[in-house]
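J.: how would this look folded up:
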Amino acid sequence: MTTGLTHLHSLLRWVILVLLIWSLINAFMQKNGKETRILTITSHVMLLIGILQWFMGAWGLKLIQSIGMGEVMKTAAPRFFAIEHTFTMIIAIALITVGGVMVKKSNPKAKWMYLLALILIIARIPWPFLGEGIARGWFPGMGV
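T.: Have a look, this model is predicted:
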């Protein structure tokens, strides 16, 4: 089950990136499209999948319980998945949610929420070119 969740989580990153860029462009053009609602829903589904993975998978709570928080913080790959990726994405999804509300209210500052969310997401996706233990394939099931 965790492998399926990981593959779905990996695939949805591309959906979110495309929707976020589309929403960002429309926010800069001061357009209000349905993509913002789809982005919010998709990002919340992604958050739920990520929370399930954090509690059930090997890179979250179980890792912290087995080796301790101090050891997790000393090592790059465990720290990335158990702490950095998790909390950065929670912040990014909160920004996407706030941006969606701002777009709905025609607030021109929504574009900055989306831009900051995009920067955070790009910074903490486990791209294939990142360090050993962190790097993941471009698409689900692909090797590094």
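
J.: may I ask which helix or strand encompasses the residue minimising distance to the centre of the chain?
T.: In the chain, the centroid-proximal residue (Cα atoms, centre = their mean) is M89; its distance is 4.2 Å. Using DSSP states H and E, M89 sits within helix 85-104.

J.: give the rounded mean pLDDT of that helix.
T.: In this model, helix 85-104 carries a mean pLDDT of 96.

J.: for it, buried residues please.
T.: 85-86, 88-89, 92-93, 95-100, 102-103 (16 or more other Cβ atoms under 10 Å). (C-beta placed from N, C-alpha, C; glycine too.)

J.: now stretch 52-59
T.: Q53, W54, G57, W59.

J.: separation between the closest residue to F129 other than its chain neighbours and E84?
T.: Of all residues not flanking F129 in the chain, A135 sits nearest, at 6.7 Å (Cβ to Cβ, 6 or more residues apart in numbering). Noted for A135: a distance of 14 Å to E84, by Cβ to Cβ, to the nearest Å.
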